[in-house]
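> next come a sequence and a model predicted from it.
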Amino acid sequence: MSSTAPRRIVAGDYRWGYVQIGYARQWVRDRMVLYPPGTSVEQRRWMRAWRWLPAIVAAIVLGTAFVCGYVNSALVVAFAVAIAVSVGLVIVVAERTRSIRTASVSVEGWTGPDADLTSLSNIALIRRISARLRDADSDLRDGRIDEVKYEVIWASCHTDMAQILRLTTPDKPVFERPRFRKASTQTPERRHSSALRRQA
């Protein structure tokens with residue numbers, strides 16, 4: 001096993017950010033978060049903790065409930081302690097990741113029935129930028145480029161992605177559920193009478 005494997009598990013798959021793919025019935029969501037150039041290993045670890053924070057908080061609360069049930073202690077007091085610990089953890093992680101979250105660029109797109117052009121263009125942007133950064137990862141690992149060139153590519157991708165998103169900001173949400181017209185329950189005679197009343 002590579003010596004970098006434990007670090008990658010803690011810090012995330014890529015030093016420049018991450019790409020997520022999620023599913024919801026007939027829809028597929030692609031999401032990319034691109035960190036600012038120069039993000040350190042420690043900062044990436046904090047960002048990973050921020051991503052997993054809901055699961056961590058849930059684990060703390062459920063673990064507290066399990067322990068209290070096992071030792072027959074006061075459940076209300078234990079839950080109060082668990083909530084206090086969770087709130088403190090959220091505050092600390094939010095503060096440690098504030099600068100990176102503010103400087104990061106994120107984009108998402110949905111594919112599925114009736115996917116709009118904005119979503120499709122966002123997905124194309126995700127694939128193009130992530131492919132370029134993965135190529136830079138391979139070039140750096142194989143010695144074809146140095147750290148300085150890698151940072152230049154990273155910065156270029158970050159700038160390009162931010163500029164494209166500013167130019168293509170949609171007037172409506174990226175993902176909008178299909179709308180269906182409610183079927184009318186009126187008979188033709190009632191609709192005709194209603195039309196006559198409106199004309200009068």
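It's in.

> pLDDT weak spots in the protein?
1-12, 68-75, 168-200 (pLDDT under 70).

> distance from the longest helix seen in the chain to the middle of the chain?
Using DSSP state H, we find that the single longest helix of the chain is helix 75-103. When distances are taken as Cα atoms, centre = their mean, to the nearest Å, helix 75-103 is centred 19 Å away from the chain's centroid.

> element containing residue 156, please.
Residue 156 belongs to helix 147-167 when assigned by DSSP states H and E.

> buried stuff in that helix?
Within helix 147-167, the residues scored as buried using 16 or more other Cβ atoms under 10 Å are 150, 153, 154, 157, 158, 160, 161, 162, 164. Every residue, glycine included, has its C-beta placed from N, CA and C.

> repeat that for stretch 22-34.
Residues 29, 30, 31, 32, 33, 34 are the ones in stretch 22-34 that count as buried (16+ other Cβ under 10 Å).

> so where do the strands sit in the chain?
Applying DSSP state E to the chain gives strands spanning 17-24, 27-34, 105-111.

> between the ones you listed, which gets nearest to residue 127?
Closest to residue 127 of the strands of the chain is strand 27-34 (Cβ to Cβ; 7.9 Å).

> in its sheet, what does that closest one sit against?
strand 17-24 (antiparallel), strand 105-111 (antiparallel) (DSSP bridges).

> nearest residue to residue 139 in space, please, no chain neighbours.
residue 145 (4.5 Å; Cβ to Cβ, 6 or more residues apart in numbering).

> backbone dihedrals for that neighbour, please?
Per-residue torsions, residue 145: phi -130, psi 160 (degrees, to the nearest 10).

> excluding its backbone neighbours, what's nearest residue 146?
residue 140 (7.6 Å).

> distance of residue 50 from residue 99?
12 Å (Cβ to Cβ, to the nearest Å).

> the more surrounded of those two?
Between residue 50 and residue 99, counted using other Cβ atoms under 10 Å, residue 50 has the larger neighbour count: 18 against 12.

> quick check: beta-bridge partners of the residue nearest the centre of the chain?
When Cα atoms, centre = their mean is applied to the chain, the residue found nearest the centroid is residue 31 (5.7 Å). Residue 31 has these beta-bridge partners by DSSP bridges: residue 20, residue 108.

> can I get the CA coordinates of stretch 144-155 in CSV?
Extracted C-alpha coordinates of stretch 144-155, given in CSV (Å, rounded to 0.1, in the frame of the first residue of the first chain):
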residue,chain,number,x,y,z
ARG,A,144,6.7,16.1,-15.9
ILE,A,145,5.8,19.4,-14.0
ASP,A,146,7.0,20.9,-10.7
GLU,A,147,5.0,22.4,-7.8
VAL,A,148,5.2,25.9,-9.3
LYS,A,149,3.7,24.8,-12.6
TYR,A,150,1.1,22.7,-10.8
GLU,A,151,0.0,25.8,-8.7
VAL,A,152,-0.2,27.8,-11.9
ILE,A,153,-2.6,25.3,-13.5
TRP,A,154,-4.6,25.1,-10.3
ALA,A,155,-4.9,28.9,-10.1
